[in-house]
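[1] 3D, please:
(chains A and B)
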2 protein chains.
Amino acid sequence: MREGGHASLLRLGANESAFGPSPKAVAAMAAELPHLSWYGDPESYDLRCAIAVRHGCGVEHVSVGSGIDDLMGLAVRAFMSPGSVALTTAGTYPTFAYHVTGFGGRLDVVPYRNDGRLDLDALAARAQATQPAIVYLANPDNPSGTMLPAGAVVEFFEALPRQSLLLLDEAYADFVDSADLFPELISGRLIRVRTFSKAYGMAGARVGYAVTSPRNVVTFQKIRLHYGVNRNAQIGALASLQDDEFRDYVVGAVAAGRDEYYGLARSLGLGALRSLTNFVCIDFGDAGRATAVMNALLAHGVFVRKPAAPPLDRYVRISVGAPQERAEFGVRLRRVLEELPS
Amino acid sequence: MREGGHASLLRLGANESAFGPSPKAVAAMAAELPHLSWYGDPESYDLRCAIAVRHGCGVEHVSVGSGIDDLMGLAVRAFMSPGSVALTTAGTYPTFAYHVTGFGGRLDVVPYRNDGRLDLDALAARAQATQPAIVYLANPDNPSGTMLPAGAVVEFFEALPRQSLLLLDEAYADFVDSADLFPELISGRLIRVRTFSKAYGMAGARVGYAVTSPRNVVTFQKIRLHYGVNRNAQIGALASLQDDEFRDYVVGAVAAGRDEYYGLARSLGLGALRSLTNFVCIDFGDAGRATAVMNALLAHGVFVRKPAAPPLDRYVRISVGAPQERAEFGVRLRRVLEELPS
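    Presented below is the predicted three-dimensional model:
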């Protein structure tokens, strides 16, 4: 973006919320800015209590970090040693894999299914074969946007080897009806991670959390940056949790935006993956065409991304923008498709 | 503090700035809070450019992190392997040592000199004996507050084994006349780290930086959290760098506060270490007495800390508060000393 310098850049590539943070969170953070000279509570105690209430668990089950990326790094550092194996899906959210490589682990991958879903059968079989220390699963998934039924994930979790830990990335869970989510289960073999970056619109603040066993929380406590979480992020996250009305508004607005993208794709004779997130993958038929469309969109000031690995490499992923951004995206996509040789 | 619940707690234990962030930084951050749904620039490019100008170096020499604690973790992770040795001073700022232990390194320590200064001769001799991967030096130092002359540190750096990297923690450098600081030197064997937590009053924001060789910057780039720095912290830090007037005001106000603490100590017949930071160590004669004073102060709602390791364990460390806090601290310290058996 720095290199492009477009006057009217459409920022639809990083799944940032087009609806901003909760006004109540903004007000709470603004009021506390003059106290930014104070370190945040190293225990994130008030925030952890509010999260525990939300999940119906004890505060000892909750660890707060500087976003899911930070928490995934802690999990890899804590539970893998050089040479041990981690299992993930080729082309899913990549930060887990970066951490595994960065800490000297060995990465094992299974491809997506052709319908764009994670392949639980292949992952389970592979886990039995390689006995990974950690299995990573994003549900809903990024970059596909697809979601697996809770029951299938529970079965998958139970089928994993006893020595394998499931790292369940629920970054987009706030967009899903809670009845459809993995049950509130506390286990030393399960680390579920959530974020305030997406539905709560606080990506720039870096704040997320893990729900897991007290023992895992204590393990994280030993290796995490003691004062790592921004004080203002703690304040904003706490205020966000108290503003369900805002979250419901965002979730509704995002669902409407997804429907608009489906309609746009349909009107252009294109398919799209059914998404439970704040983005939609539109199908351009093959990887070369999808790359050409993405690059042409970039040249028209539309920042989008696309999955790199097959079979998802035929899609371009577009974050749900505000209504005006979506309209403008439609205009520019049509222009791009007219200009591109078919 | 959560456990104490005092109505009028004096927060003088964590060397937080009593003078807050720059009003210009507060205004810049407040204006951007509605955009907190955007990730910060993963390259911290604008901030790094401003830092590079400040240090008269290129942007490729600057790495931004979530505070010095984060950057020290990167240095340990990048340059130590399990079993390799790191050298520090027993009782100095502890986070470096935590990282060394956390990443499986072996910690070697040398005591402070009896006058409360770091012992460069002992550190240099020890480095020759054990060939550490990293030598940690805080200048000005925490918790002593003392400062070594730049020339002595340059000599020390040159005397280190060729395989040793000097991690120079300059968290409190903004309180020192720049002519008295270690020269602007770029070397692959030198990582100097600075923070916006102290003079700039942004401890809660988590933002600091390293100045080192482009190669080390690239190494950090490979292992750091790509989106780890809070967007608002980037904005506030950048605005702070453009507000020299505020920094000069804080530095002057802190110097006045230190003088007041020296005077308070003198009036009580106590010594104090000469400090170049935003805190002062007052000498209570021995470790038992210092601990008793600290605990009694805590019981009177004064949050202070003390160095744990000899020979500094006879001191209590008090952060420079605002004028009213300093006056109140004097009142409570006198009360404590009257109540304590001598």
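
[2] List, one by one, the residues from the stretch 51-200 of chain A near chain B.
    Within the stretch 51-200 of chain A, the positions lying close to chain B (C-beta under 8 Å from any C-beta of the partner chain) are A:Ser66, A:Gly67, A:Asp69, A:Asp70, A:Gly73, A:Thr95, A:Gly102, A:Ser197. (Glycine included, C-beta is placed from N, CA and C.)

[3] Low-confidence stretches in the stretch 1-150 of chain A?
    The model of the stretch 1-150 of chain A has pLDDT under 70 over residues A:1-7.

[4] so who does the residue of it found nearest chain B touch?
    With C-beta to the nearest C-beta, the shortest gap between the stretch 1-150 of chain A and chain B falls at A:Ser37, namely 3.7 Å. Taking C-beta atoms under 8 Å, 6 or more residues apart in numbering or on different chains, we find A:Ser37 in contact with B:Glu16, B:Ser17, B:Ala18, B:Phe19, B:Gly20, B:Pro21, B:Gly201, B:Met202, B:Ala203, B:Gly204.

[5] how close does the third one sit to B:Ser319?
    Put plainly, it is B:Ala18. Per C-beta to C-beta, to the nearest Å, B:Ala18 is found 7 Å from B:Ser319.

[6] between these two, who's got more neighbours?
    B:Ser319 (26 against 21; other C-beta atoms under 10 Å in any protein chain shown).

[7] Tell me the buried residues in the helix or strand hosting A:Leu337?
    Secondary structure assignment for A:Leu337, by DSSP states H and E: helix A:323-339. By neighbour count with 16 or more other C-beta atoms under 10 Å in any protein chain shown, helix A:323-339 contains the buried residues A:Glu325, A:Arg326, A:Glu328, A:Phe329, A:Gly330, A:Arg332, A:Leu333, A:Val336, A:Leu337.

[8] right, and the first one touches A:Leu10 too?
    Yes: applying C-beta atoms under 8 Å, one finds A:Glu325 in contact with A:Leu10, separated by 5.6 Å.

[9] Assign A:Cys57 to helix, strand or coil.
    Three-state call for A:Cys57 (DSSP: H, G, I helix; E, B strand; the rest coil): coil.

[10] same thing with A:Met29?
    helix.

[11] first vs last residue of stretch A:262-272, how far apart are they?
    End-to-end distance of stretch A:262-272 (C-alpha to C-alpha, to the nearest Å): 6 Å.

[12] list the buried ones in it?
    Taking 16+ other C-beta under 10 Å as the criterion, stretch A:262-272 shows A:Tyr262, A:Leu264, A:Ala265, A:Leu270, A:Ala272 as buried.

[13] The residues you listed: which ones sit near chain B?
    Okay, of the buried residues of stretch A:262-272, nothing touches chain B (C-beta under 8 Å from any C-beta).

[14] Now render these as a markdown table, adding secondary structure and pLDDT.
    Formatted as a markdown table, the buried residues of stretch A:262-272 follow (DSSP: H, G, I helix; E, B strand; the rest coil; pLDDT from 0 to 100):
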| residue | secondary structure | pLDDT |
| --- | --- | --- |
| A:Tyr262 | helix | 98 |
| A:Leu264 | helix | 98 |
| A:Ala265 | helix | 98 |
| A:Leu270 | coil | 98 |
| A:Ala272 | strand | 98 |
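
[15] Show me which pair in the residues you listed is furthest apart.
    The span of the buried residues of stretch A:262-272, defined through C-beta to C-beta, is set by A:Tyr262 and A:Leu270 at 9.8 Å.

[16] and the helix holding A:Leu337, anywhere near chain B?
    No: Helix A:323-339 does not reach chain B (C-beta under 8 Å from any C-beta); its nearest approach is 12.8 Å.

[17] tell me the average confidence for that helix?
    The pLDDT scores in helix A:323-339 average 97.

[18] Over to stretch A:239-253?
    98.
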